[in-house]
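Enquirer: My questions are about this predicted structure, shown below with the sequence.
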Amino acid sequence: MMAIDIGADAIDRANAAGNTVFGLCLIEGSNPASEAGKILKVYIYFKGGSPTCSVGIFRHAGGNVFNSVDHQDVGVIADGLNEKDVDLDCEIGDYIGILYAAMPSGDGIDTDVTGAADWWRTLEATSFPYINYTFTNTPGRIISLYGEIIVSTAAPSVTTQAVSDIDKTTATGNGTVVSLGVPLATQHGHCWATYTNPTTTDSKTENGVPSATGAYTSSMTGLKANTKYYVRAYITNSVGTFYGTQVEFWTLPDVPLVTTYLAKSVAATTALGSGNIDNNGGSAISQHGVLWRAGADPDIDTYDGKTELGATTFMYFESLMTSLTVGTEYHYRAYAFNADNPDTPGYGSVLKFTTSAAGMPIVKTRATINITPTTATGRGVVTDTGGSPITAYGHCYKAVTDPPTVPTTSDSTKETTGAPTIDEVFLSEITVLTAGTSYILAAYATNTQGTSYGDPVNINEVADESKGQIAYQGEHLLYTTKSGKQRRLLGAEF
């Protein structure tokens, strides 16, 4: 329960000029009701004789027109402060008024001519009820007529129903507003957590002011796969926040999270695929491997070839792709199943590689050295010239992309001069790199049958500040200083 005032304080305003008002019916306009409820007490400050009075509740119809909506006789009013018990209903915006017999000039209800609000009166003889009655407006006075509205408060209520539309990271909460409460509810929704009895300090939806009783839903997002959640509907008014009973549900298990790496050791009819199981999706890995398909993306139902490496607890894996067609572009991807999703795999990105044609050179990429903010030295080895002499060789490179792609001679290229020596390292001095960028690089060699590439390698991120780089030359370790100078580490035999 709470009290709300209506009208003006019933106090002695004897020092105010023109401090009494006589008449038949007066409506106090300084303070309409701000809440609905019952008026159980009224206070009236009167000067002079003892008329019989009635107190009424008036509703403004516009302009100077009012309707009385409730009234009650309060008996004789004495000189000074009067406290009267009443039982009057009022709504938000209603005004309080008083009806009493005409008094001699100078007697009547005490008023203040410095009041900021209007008041209305009629000197015509009439009685309750007043129906569409026109009163005379008199601004600037406050009448000493005060009522105390007792507002009944009631808790709103909701019920919680089973969660629906459950997915890995989303679900729909279901609830019903049973009652809106007094005062009316200002917010409602659902709250949830991974522990019991969640509250609005946990994750929640805010569906706003409920317009009526009845069913409602909430979209719960940001959930974790394969996780048990507890949910409660809630509703709030000025009395507090109230909850429905708790329900629980499990989000769907997730499929494994898998990464595909670029194929390595690509030959005429074989290539080495590899991948990583970044996350098992909430249950043990039951099967994994790689899929491939000529010219189109493979999936678990459509492929040219598939490897099955079985259950594993290891993350990184390699798998040999065989029976490939010479000189053909293949699309391939890593995959993995887990125990909770035996029919739906997790896939890595689809990457591409092209098998070698007959007579093409064989070339290998070695680790990059001498890395500075804008330069690096690529290293490679031609192990076989193929069916005809080498016409061009060197390194091609590009900025790392997601998903990664193999650099080719269509990208940036640094050609090495002179003829390669079989099985000896050749170098490519790359001088146009962008600081702060990661690059991928591959050695290449071309003859009349085509261009072959070594396995791509990542150049360590070309940072804004150079880092010391370690390499080797014969039996000696080399390192590159921050200034870009190369130093040899010499050691004594022991």
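Expert: Here it is on my side, so go on. Numbering: from 1, shown residues only.

Enquirer: ok, Thr437 touching Ala399?
Expert: Yes - look at Thr437 against Ala399 with Cβ atoms under 8 Å: they come within range, at 5.4 Å. To be clear about C-beta, it is placed using only N, CA and C from the backbone, and glycine gets the same treatment.

Enquirer: quick one: least confident helix or strand in the chain?
Expert: The helix or strand of the chain with the poorest confidence is strand 469-473; it has a mean of 48 (mean pLDDT, DSSP states H and E).

Enquirer: how does the protein divide into domains?
Expert: 2-151, 157-250, 257-354, 362-480 (automatic domain parsing).

Enquirer: Export these as TSV, with columns for mean neighbour count.
Expert: Formatted as TSV, the domains of the chain follow (neighbours: other Cβ atoms under 10 Å):
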stretch	mean neighbour count
domain 2-151	18
domain 157-250	17
domain 257-354	18
domain 362-480	17
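
Enquirer: where does the chain have low pLDDT?
Expert: For the chain, the stretches with pLDDT under 70 are 1-2, 14-23, 49, 102-106, 114-116, 125, 460-494.

Enquirer: Please enumerate the helices of it.
Expert: For the chain, no helices turn up when DSSP state H is the criterion.

Enquirer: contacting residues for Gly75?
Expert: Residues near Gly75 by Cβ atoms under 8 Å, 6 or more residues apart in numbering: Thr52, Cys53, Lys84.

Enquirer: now those in TSV, with distance to Gly108?
Expert: Shown next, in TSV, are the contacts of Gly75 (distance: Cβ to Cβ, whole Å):
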residue	distance to Gly108
Thr52	14
Cys53	11
Lys84	17
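
Enquirer: contacting residues around the closest residue in space to Asp455 that isn't next to it in sequence?
Expert: What sits nearest to Asp455 in space, not counting adjacent residues and going by Cβ to Cβ, 6 or more residues apart in numbering, is Lys264, at 4.4 Å. By Cβ under 8 Å, 6+ apart, the contact set of Lys264 is Ala271, Leu272, Ser274, Asp455.

Enquirer: I'd like the residues you listed as TSV, with distance to Leu26 appended.
Expert: Output for those, formatted as TSV (distance: Cβ to Cβ, whole Å):
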residue	distance to Leu26
Ala271	99
Leu272	99
Ser274	93
Asp455	99
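
Enquirer: Specify which member of those residues is nearest to Leu223.
Expert: Ser274 (32.2 Å; Cβ to Cβ).

Enquirer: Which strand residues bridge the closest one?
Expert: Tyr261, Glu318 (DSSP bridges).

Enquirer: just checking, it touches Ala334?
Expert: Yes - counting by Cβ under 8 Å, Ser274 touches Ala334, with 7.4 Å between them.

Enquirer: so what's in contact with these two at the same time?
Expert: Both Ser274 and Ala334 are in contact with Thr260, Tyr261, Val290, Phe317, where contact means Cβ under 8 Å, 6+ apart.

Enquirer: which stretches of the stretch 351-494 of the chain form strands?
Expert: Ranges of strands within the stretch 351-494 of the chain are 351-354, 362-369, 376-384, 392-399, 412-415, 425-430, 437-447, 450-453, 457-462, 469-473, 476-480, 486-489, based on DSSP state E, counting those that start in this stretch.

Enquirer: Redo the ones you listed as CSV? Include distance to Gly240.
Expert: Below are the strands of the stretch 351-494 of the chain laid out as CSV (distance: least, Cβ to Cβ, whole Å):
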stretch, distance to Gly240
strand 351-354, 58
strand 362-369, 66
strand 376-384, 66
strand 392-399, 58
strand 412-415, 67
strand 425-430, 69
strand 437-447, 56
strand 450-453, 70
strand 457-462, 56
strand 469-473, 65
strand 476-480, 68
strand 486-489, 73
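
Enquirer: Nearest approach to Tyr303 belongs to which of the ones you listed?
Expert: Distance to Tyr303, taken as Cβ to Cβ, is lowest for strand 351-354 among these, at 14.4 Å.

Enquirer: Can you list the strands that the closest one pairs with?
Expert: Here, using DSSP bridges, strand 351-354 pairs with strand 329-338 (antiparallel).

Enquirer: For the closest residue to Asp340 other than its chain neighbours, which residues are in contact?
Expert: Counting by Cβ to Cβ, 6+ apart, Pro253 is the residue found nearest to Asp340 once chain neighbours are left out, at 3.6 Å. Contacts for Pro253 (Cβ under 8 Å, 6+ apart) come out as Lys168, Ala225, Asn226, Gly281, Gly282, Ser283, Asn338, Asp340, Asn341.

Enquirer: Fine, thanks again, bye for now.
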